[in-house]
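Enquirer: Predicted structure and sequence below. I'll ask about it afterward.
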Amino acid sequence: MSANIPVLTLDGPSGVGKGTVCLLVAKKLGWHILDSGSLYRLLALSAGDNTDLDNVSQLADLARDMQIEYVTSGDALGIYLRGENVSEVIRTEATGVLASKIAAIPEVRQALLDKQRAFAKVPGLVADGRDMGTTVFPDAGLKIFLTASAQERAKRRYKQLKEKGIDANLSQLTAELIERDERDSTRLASPLLAADDAIIIDTTNLDIGQVCSKVMQLVEQRF
């Protein structure tokens, strides 16, 4: 990764709004985008429902061989796996849970490291995930960590699912988020945490527009 390429990292737990903020900021800046969380969802989708989490070498090989492309279309980010648009397919709760378990495997994370860093190209990159500022881009010019209460994040996810006509249980979503936070923050490989030099933004009482404004102000000051 060239030191001349500006990189903005947006880390934080599930449901905090990283993806939406990342897309809006990348569009405003005209930069490339990396939805790192989708990589593990894509791997979970590629591996299938009968994934053997103990077969680490097979998962690592599958991770290295994935052909991925991100395409910005209007207010949405198209995610393509081997030329097929899987943007909606990978967002199911089951895929998310499996992706979180896969993401805890050190060999898989190492296999995806170079693939993620390759997204840093001129004129710049906006990368969202859980370890963008700590592991993948430790020298990023600006690191931001988004956070919000589990209850608020569950409400946001519940609303998204309902708008798509998908049945959901708010209490169950809250419990799953808390469990995922625990798993992500205590794993040995690149745990979920804010980088020492990251700027923390609590989005619990902020809408997407307000968060984007804060991020853009920081970008203008830093770059």
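Expert: Now that the structure is in, tell me what you want to look at.
Enquirer: What segments of the protein are strands?
Expert: Applying DSSP state E to the chain gives strands spanning 7-11, 32-35, 68-73, 76-81, 84-85, 125-129, 142-147, 199-202.
Enquirer: Nearest approach to F223 belongs to which of those?
Expert: Closest to F223 of the strands of the chain is strand 142-147 (CB to CB; 7.0 Å). C-beta here means a position set from N, CA and C on the backbone, and glycine is covered the same way.
Enquirer: quick one: contacts for G15?
Expert: G15 makes contact with A148, R153, A154, R156, R157, L177, according to CB atoms under 8 Å, 6 or more residues apart in numbering.
Enquirer: And for the first one, the neighbour number?
Expert: Yep, that's A148 we're talking about. Using other CB atoms under 10 Å, A148 has 22 other residues around it.
Enquirer: where do the helices sit along the protein?
Expert: Along the chain, the stretches classed as helices by DSSP state H are 18-29, 36-47, 56-65, 93-102, 106-117, 150-163, 170-186, 208-222.
Enquirer: need the least confident one among those helices, by mean pLDDT.
Expert: Mean pLDDT values for the helices of the chain show the minimum at helix 93-102, a mean of 86.
Enquirer: so what's A3 scoring on pLDDT?
Expert: Listed pLDDT for A3 reads 63.
Enquirer: Over to the one 5 residues further on?
Expert: According to the predicted model, the pLDDT of L8 comes to 98.
Enquirer: same deal with T72?
Expert: Looking at T72, its pLDDT stands at 84.
Enquirer: Tell me the spacing between it and Q172.
Expert: Using CB to CB, to the nearest Å, we find T72 at a distance of 33 Å from Q172.
Enquirer: what do you get for G209?
Expert: Distance, G209 to Q172, using CB to CB: 29 Å.
Enquirer: What of F119?
Expert: 34 Å.
Enquirer: Over to I144?
Expert: According to CB to CB, I144 and Q172 sit 30 Å apart.
Enquirer: Then Y158?
Expert: 10 Å.
Enquirer: the more surrounded of these two?
Expert: Using other CB under 10 Å as the criterion, Y158 and Q172 rank with Y158 on top: 19 against 12.
Enquirer: Contacts only, for the more buried one.
Expert: With CB under 8 Å, 6+ apart as the criterion, the residues that contact Y158 are A168, L170, L173.
Enquirer: Of those residues, which is the nearest to L53?
Expert: The closest of the contacts of Y158, once distances to L53 are taken by CB to CB, is L173, at 23.4 Å.
Enquirer: The closest one: how many residues sit nearby?
Expert: When neighbours are counted by other CB under 10 Å, L173 registers 21.
Enquirer: K28 now?
Expert: Around K28 there are 13 residues (other CB under 10 Å).
Enquirer: related to what we said a few turns ago, may I see the contacts of G15 organised as CSV, with distance to S46 added?
Expert: Conversion of the contacts of G15 to CSV gives the following (distance: CB to CB, whole Å):
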residue, distance to S46
A148, 30
R153, 27
A154, 28
R156, 27
R157, 24
L177, 25
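Enquirer: among those, which two are most distant?
Expert: Spatial extent of these (CB to CB) is set by the pair A148 and R157 at 11.2 Å.
Enquirer: follow-up on the earlier one: in CSV, list the helices of the chain along with distance to E84.
Expert: Putting the helices of the chain into CSV (distance: least, CB to CB, whole Å) gives the following:
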stretch, distance to E84
helix 18-29, 20
helix 36-47, 10
helix 56-65, 15
helix 93-102, 15
helix 106-117, 18
helix 150-163, 23
helix 170-186, 27
helix 208-222, 28
